[in-house]
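Colleague: Quick check, what structure comes out for this input:
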Amino acid sequence: MRYLGVDFGLRRLGLAQSHGQIASPFKVIAVKSFKDAVLKVEQVVKEEGFDQVVVGLPEGKVGQTVTGFINKLRRDGIEVIEVDETLSTQKAIQRMIELNISKGKRRVNDAYSASIILQDYLDSL
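Modeller: So this is what the prediction gives:
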């Protein structure tokens with residue numbers, strides 16, 4: 001089973017992919033709108049052959065937007081799993097520091113956050 005992990009943002013989507021039971025950062029996609037985010041994730045799922053999408057669900061108002069994103073993907077026939085994304089960004093930054101990734105590159109940590117979200121899910125299986 002191939003999984004696509006998603007760290008949803010209003011301007012960028014962080015994406016991660018699974019290699020067996022190991023998650024790794026995949027890419028960051030710039031998005032212009034909610035609709036653009038849905039279309040781009042659906043395109044990646046189809047082009048790359050992912051079986052399921054694992055989306056990190058934050059709290060608060062952004063969480064409501066992410067819930068809408070998840071529901072739209074499901075209505076369009078994509079199998080989506082929601083997971084708590086609490087502290088994923090902080091964990092991603094810490095991991096990037098451990099890997100000696102430069103401060104400039106750490107600013108775009110969305111794909112690393114997505115890999116933590118996905119790895120937490122894979123570890124729970």
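Colleague: Now the element after the helix-or-strand element of the chain with minimal mean pLDDT, going C-ward?
Modeller: Within the chain, no helix or strand scores below helix 103-106, which has a mean of 57 by mean pLDDT, DSSP states H and E. Per DSSP states H and E, the first helix or strand lying C-terminal to helix 103-106 is helix 110-124.
Colleague: Using the three-state scheme, assign the residue lying farthest from the centre of the chain.
Modeller: With distances taken from the mean C-alpha point of the chain and given as Cα atoms, centre = their mean, the most distant residue is N100, at 22.4 Å. Of the three states, N100 takes coil according to DSSP: H, G, I helix; E, B strand; the rest coil.
Colleague: okay, the closest residue to F8 other than its chain neighbours: pLDDT?
Modeller: Closest residue in space to F8, ignoring its immediate chain neighbours: V66 at 4.9 Å, by Cβ to Cβ, 6 or more residues apart in numbering. (Glycine included, C-beta is placed from N, CA and C.) We have a pLDDT of 93 for V66.
Colleague: what's the answer for R95, then?
Modeller: 70.
Colleague: swap in the one 5 residues further on?
Modeller: Looking at N100, its pLDDT is 71.
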